[in-house]
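Trainee: got a predicted structure plus its sequence, pasted below:
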Amino acid sequence: MTNPTAARDDVDDGVHRDDHDGGAAGPAGGPAEPAALAAFRADVAGFLESDVPHSLRGTRRGRFDGYWGGSKAPHPGADVLRWLELAVERGWTAPTWPREYGGGGLTGAQAKVLDEELARLQLPPAVVGFGLTMIGPTLLDYGTEDQKREHLPRICRGESRWCQGYSEPGAGSDLAGLQTRAVRDGDDFIVNGQKVWTSHADRSDWIFCLARTNPHVKKQAGITFLLIDMSTPGVSARPIELISGASPFCEVFLEDVRVPAGNVVGAVDDGWTVAKALLGYERSMIGESIGQQMSGAQADLIGQAREALGAPDGPLPDPELRLELARLGMEEAAFALTAERIRQSMQAGRRPGPESSILKVAGCELKQRRWELAMQIAGPDGLAHDARASEWLRSRANSIEGGTSEIQLNIIATRVLGLPR
Amino acid sequence: MTGGPPQPPAAPSAPDARTPAPFRPAPFQPAPFQPGLILDEEQTLIARTAREVFAAQSPVTRVRELRDSRDPLGWSRSLWRELAALGWLGMALPESAGGLGLGLFELSLVFEAAGRTLTPEPLLTLPLGADLLARCTAPEGAESPADHWLPRVIAGEAVVTLAWRESHPHGAHGRWDPTAVATTATPADGGWRLTGTKPGVLCGHAADLTLVTARSPAGAIQVHAVARDAPGLTITPRPRLDGRPAADLTLDATPATPPLADLDAVRAVLDRATICLAAEMLGSASEAFARTLAYLKERHQFGVPIGSFQALQHRAARLFMRLELTRSAVLAAARAADEPPDRLPPHELPRLASLAKAHATDTLTAVANEAIQMHGGIGLTDEHDIGFFLKRARVAAATLGDAAWHRARWMELAGF
């Protein structure tokens, strides 16, 4: 006979034990909004309606899409900059970060109200980027006071755009096998190596970068997390073209790049800890982003199918396609609810753990199925390399970037389920 | 390494002649239904208590004991009364009827805990029979059967079930179509008489009162109550794979109450019972998975734990993903059941009930099959308990609509 007790504890380390500890749960729908929150909503709504340039209304494309900022951005137009200025004054580019670092100091509930009001007016976020979603939260957890004061306000103001220097030509899934070297030289490190798949490197001001500082220990133990100014001599970036066409991905070359020791996040040789925490933020961002794309996705596909099959109403005349649409739609519905459950759990004060890997794997596979189905629906008359085909080709990258699905399954198996390595 | 293709910056401000009509924001409306998907303190306590109670009072070994002793009831009246003493049999019934007045959400937590240990007690009669009874209106000039029976149900002294499904003819909507009713209800001698056959009635072998759907002379589907000892009622117990007997009911001009409820009430309780069953199946799947994980860690071959093999690790990880998606669907459906109907978008409750049951069915089936495979030979032996999960999975899958039936309903509700 097996002893289920130990396993049960392991399983409970997954998403659902969080639920059982969640005292701060919001009731379904619940009673009317508390007065303080309603007043906050009225303030936000009044301000957004009167002060934010009306030309921006209706231009929202989700929470992670908009003006990316940084010193290399093309001029986005006066109204976008005006909205950025207004948002920065209130700390609304990073609503829940502490005010002292340029954030808004809002509670989770207030930030949700702000987001709902932005969505209602279909206003884009004032600025987006990996500074806000990845390195910022990581610096809040692991950065020194100097690092926070130097970088967080600039991220909040949209002045610095960040990219992620993780993968290397010889270190993809085996990320910890990275070969970029950082050698101590007085108060600096000298960095040499190559990074690849670095999104937006050619448009970024800073790169957060993993480099090997100790080659003589277990590979995870000799890595250091560095912040590197992209304008430092020896840093260069080159865009990569993909099967789908132009892409945000770049190669980054680091040749004798001098980085001050003060730019180490966490301890020297302990960068793996920081790197993994950041990956948790990245995975949850990818998952949340895919969750948002799902609202309306099913209706869009059904509409396309009706048009392609010439069936304006009633059951779709292709039973197999109809069933596949239902299967996909029901998976997407459960996925969106899971993303929402993790969001509610985080709002109740928890950090994304390894369970965010669930969102990454499931979300990417659903997205790929959706584009596969879109191409199937388009059929013999949708075979040009148009926007749809580009998205379909691009979707193949989803299960590779940000950690392959195979690596995510390894993480779930070993870190969530506790299976032996 | 993320982010979509580079996007152009947001639109410039200067509108030109071709600019479409300006965007006009609507006043803020809270989303019609945003389910809370994490448990509050009281719910957490209910879930913990239920897990402790079923683990102590109804471990999986009971399933074997009841089978081996050829117990004709298939469950225990004394445990049923203990559950009554905890207030759980009236958990989701209104306080005016003697219940606790909690939600279906809370009741679903009890179902999930019961599912973990494959508890065979007829809990599903609560959202089916008792809930429908509470919705019944009293016939004119007569005592409401709810007044008589509900206190007994809540006290664990009586079981009320619902006979709604028929084998023939299948309705336009398949084998679980509640409108496929051929049983007739005819007024006679100042009362009513029912004639027809209801196969596989849940706990039909032990129910003290059975609510029966039947067609009136005018063609309307309505609910009548039939007493256990009513003349012309034949109850044929049907043993099932999971050890929980059902019964075929044959009614031959059987005396019954006047009509007590309509088809809408039947549909409502079927959705609620479906959500409870999905929660139970989620519990069974979670436990079968936990036992399998434990085995993967403990069983050694080639000198290492078999759980260190990536082929098994990835399959286990995928089962975990399915469990988490199913959990979200079940939580959302149970929340929706407690929402006032006018605050839900149209069809939201049946839509989420079907979402939950389809996921629970596919997930429990996959987990139970993988559980056997990953246990290897020992999993096939009767001596090992894991097989009970597979048997229960099969019965639960075909109860209250299988996955295909719920997918079909989803398509119909979504209008494609």
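Mentor: Arrived safely.

Trainee: which residues in chain B form strands?
Mentor: Assigned by DSSP state E, the strands in chain B fall at B:160-163, B:184-188, B:191-202, B:209-215, B:221-227, B:233-238, B:246-256, B:261-262, B:300-301, B:304-305.

Trainee: what residues does the fifth one touch?
Mentor: Under the criterion CB atoms under 8 Å, 6 or more residues apart in numbering or on different chains, residues B:132-133, B:136, B:145, B:178-179, B:181, B:185, B:192, B:194, B:208-216, B:233, B:251, B:254-263, B:265-266 lie in contact with strand B:221-227. Quick note: C-beta positions are derived from backbone N, CA and C, even for glycine.

Trainee: just want the angle from that strand to strand B:191-202.
Mentor: Using axes from the mean of the first three to the mean of the last three CA atoms, to 10 degrees, the direction of strand B:221-227 lies 90 degrees away from that of strand B:191-202.

Trainee: B:Ile154 and B:Leu126: what is the separation?
Mentor: From B:Ile154 over to B:Leu126 the distance is 10 Å, taken as CB to CB, to the nearest Å.

Trainee: what is in contact with the two at once?
Mentor: B:Leu89.

Trainee: of these two, who's got more company?
Mentor: Neighbours were counted for B:Ile154 and for B:Leu126 using other CB atoms under 10 Å in any protein chain shown; B:Leu126 has more, 29 against 22.

Trainee: if you skip the residues just before and after it, what's nearest to the more buried one?
Mentor: Closest residue to B:Leu126 apart from its sequence neighbours, by CB to CB, 6 or more residues apart in numbering or on different chains: B:Leu89 at 6.2 Å.

Trainee: the one you found against B:Pro151, yeah?
Mentor: No: B:Leu89 is beyond contact range of B:Pro151, at 10.7 Å (criterion: CB atoms under 8 Å).

Trainee: so for those two, which sits in the more crowded spot?
Mentor: B:Leu89 (27 against 15).

Trainee: what residues are up against that one?
Mentor: Counting by CB under 8 Å, 6+ apart, B:Leu89 has contacts B:80, B:83, B:126, B:130, B:153-156.

Trainee: close enough to count as contact, A:Leu417 and B:Ala294?
Mentor: No: between A:Leu417 and B:Ala294 there is no contact under CB under 8 Å: 10.7 Å.

Trainee: so between the two, which is more surrounded?
Mentor: A:Leu417 (25 against 20).

Trainee: how confident is the prediction for that one, by pLDDT?
Mentor: Here, the pLDDT recorded for A:Leu417 equals 96.

Trainee: for the residue nearest the centre of chain B, give its distance to chain A.
Mentor: Chain B has B:Leu277 as the residue nearest its centroid, 2.2 Å off, counting by CA atoms, centre = their mean. For B:Leu277, the distance to chain A equals 17 Å [CB to the nearest CB, to the nearest Å].

Trainee: just B:Ala138 next, same as before
Mentor: 32 Å.

Trainee: same thing with B:Met321?
Mentor: 5 Å.

Trainee: B:Arg327 now?
Mentor: From B:Arg327 over to chain A (counting by CB to the nearest CB), the distance is 6 Å.

Trainee: cool, and B:Thr183?
Mentor: Counting by CB to the nearest CB, the gap from B:Thr183 to chain A is 30 Å.

Trainee: tell me the confidence at that residue?
Mentor: 97.

Trainee: need the contact list for it.
Mentor: B:Thr183 touches B:166, B:194-198, B:212-215, B:251, counting by CB under 8 Å, 6+ apart.

Trainee: name the nearest of these relative to B:Gly283.
Mentor: Nearest to B:Gly283, judged by CB to CB, of the contacts of B:Thr183 is B:Lys198 at 28.0 Å.

Trainee: show me the beta-bridge partners of that closest one.
Mentor: Counting by DSSP bridges, B:Lys198 is bridged to B:Leu249.

Trainee: in the stretch 1-150 of chain B, which spans are helices?
Mentor: B:41-57, B:61-68, B:77-85, B:104-116, B:125, B:131-135, B:145-154 (DSSP state H, counting those that start in this stretch).

Trainee: can you tell which of these is closest to B:Glu383?
Mentor: Judging the helices of the stretch 1-150 of chain B by CB to CB, what sits closest to B:Glu383 is helix B:61-68, at 9.4 Å.

Trainee: buried stuff in the closest one?
Mentor: B:62-64, B:66-67 (16 or more other CB atoms under 10 Å in any protein chain shown).

Trainee: closest to chain A among these?
Mentor: Lowest distance from chain A to the buried residues of helix B:61-68 (CB to the nearest CB) belongs to B:Arg64, with 11.7 Å.

Trainee: which residue does chain A bring closest to chain B?
Mentor: A:Gly58 (3.0 Å).

Trainee: hmm, that residue is touching A:Gln122, no?
Mentor: Yes: the criterion here is CB under 8 Å, and A:Gly58 meets it with A:Gln122 at 4.6 Å.
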